[in-house]
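> any chance you can model this:
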Amino acid sequence: MSEPLEVPTREGYDLWSQIYDDEDNPLIALETAWVTRLLGDVRGLAVADVGCGTGRHAIAMAAAGAHVVGVDFSPGMLAKLRAKPGGGAVRLVRHDLAMGLPFASGSMDRVTCCLVLEHVADLANAFAEMSRICRAGGFVLVSDLHPAMRLLGTQAQFTDPATGRKTRPVGARHQLSDYVIATTLAGLHIDHMSEHVVDEELAARSPRAQKYLGWPLLLLMRLRRA
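Numbers count the residues shown, from 1 in each chain. Reported below is the predicted structural model:
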């Protein structure tokens, strides 16, 4: 079996967008309900969904009454979001988080960044920008592939529908301490941090999860602005 093909992150997600919503993805199966729970009521709130992808959280938040702007650097992902029912309720901005965020300081009540940061080399800058645009009293909600997965040689990857080859968008290696230090430098207070393990229930729902049984798959952090 050939090694996965590593491609630039944007190129990888443009390719992945064709099948992203149709795959068995245990990380998404585990993450979605937790994000909804930690976000709480978003009615009337301004929310930036950074790395919004095909819009699974952005569209749900807009349907719940939030004023959502979805930010992503992949035109393929944004096109999928735009074409979905409810996608028109989300304002879309094509932009790379590594270049900062194109919003005024304190302009957002909530900032979400879900399953993105494993591809961001400079965590300190990413958290600083998310903190900057979040108003005082608001919070930033982050989910990511747990760093322990790298010990198993696992990272974001998909099978290219055109070639049939396993393909990996370029990622970065982070430790748990990197996340904590970056949030602290950004002036954020951690009010929730949890690590979620693959259990029998998830393995029953997601066949791909079975090989990770007992391993931490998901990292979640909710970070308050003072």
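
> strands of this protein, residue ranges please.
Assigned by DSSP state E, the chain shows strands spanning 5-7, 46-50, 67-72, 91-94, 108-114, 134-145, 158-159, 166-169, 188-197, 216-225.

> TSV please, covering these and showing mean pLDDT and distance to residue 206.
The C-beta positions use only the backbone N, C-alpha and C, and glycine is treated the same way. TSV is the format used below for these (pLDDT from 0 to 100; distance: least, Cβ to Cβ, whole Å):
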stretch	mean pLDDT	distance to residue 206
strand 5-7	94	24
strand 46-50	98	23
strand 67-72	98	24
strand 91-94	98	29
strand 108-114	98	17
strand 134-145	97	14
strand 158-159	92	15
strand 166-169	94	18
strand 188-197	96	13
strand 216-225	96	10
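
> turn these into TSV, columns for distance to residue 33 and mean neighbour count.
Putting the strands of the chain into TSV (distance: least, Cβ to Cβ, whole Å; neighbours: other Cβ atoms under 10 Å) gives the following:
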stretch	distance to residue 33	mean neighbour count
strand 5-7	31	15
strand 46-50	17	26
strand 67-72	19	24
strand 91-94	25	16
strand 108-114	13	24
strand 134-145	11	21
strand 158-159	23	18
strand 166-169	25	18
strand 188-197	10	15
strand 216-225	11	22
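
> reformat those as a markdown table; add distance to residue 179.
Formatted as a markdown table, these follow (distance: least, Cβ to Cβ, whole Å):
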| stretch | distance to residue 179 |
| --- | --- |
| strand 5-7 | 23 |
| strand 46-50 | 15 |
| strand 67-72 | 20 |
| strand 91-94 | 25 |
| strand 108-114 | 11 |
| strand 134-145 | 8 |
| strand 158-159 | 24 |
| strand 166-169 | 20 |
| strand 188-197 | 8 |
| strand 216-225 | 7 |
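
> now for these, which one comes closest to residue 56?
Evaluated over those, closeness to residue 56 peaks at strand 108-114, with 8.2 Å, by Cβ to Cβ.

> for the protein, where's the lowest mean pLDDT among helices and strands?
helix 200-205 (a mean of 88; mean pLDDT, DSSP states H and E).

> and that one, what other elements does it pack with?
On a contact count with 3 or more Cβ pairs under 8 Å, 6 or more residues apart in numbering; DSSP states H and E, helix 200-205 meets helix 26-39.

> please redo it, this time with the cut-off set to 6 Å
If contacts are counted by 3 or more Cβ pairs under 6 Å, 6 or more residues apart in numbering; DSSP states H and E, helix 200-205 sits against no helix or strand.

> contacts for that helix?
Applying Cβ atoms under 6 Å, 6 or more residues apart in numbering, the contact partners of helix 200-205 are 29-30, 209-210, 213.

> next: stretch 214-226.
Counting by Cβ under 6 Å, 6+ apart, 30-31, 34, 38, 134, 136, 138-144, 146, 148, 183, 188-198 sit against stretch 214-226.

> among the contacts of helix 200-205, name the buried ones.
29-30, 209 (16 or more other Cβ atoms under 10 Å).

> nearest to residue 5, out of those: which one, please.
residue 209 (23.7 Å).

> contact partners for the spatially closest residue to the closest one that is not a sequence neighbour?
Among residues not flanking residue 209 along the chain, residue 26 sits closest, at 3.5 Å (Cβ to Cβ, 6 or more residues apart in numbering). Counting by Cβ under 6 Å, 6+ apart, residue 26 touches 206, 208-209.

> swap in residue 123?
Applying Cβ under 6 Å, 6+ apart, the residues near residue 123 are 178, 182.
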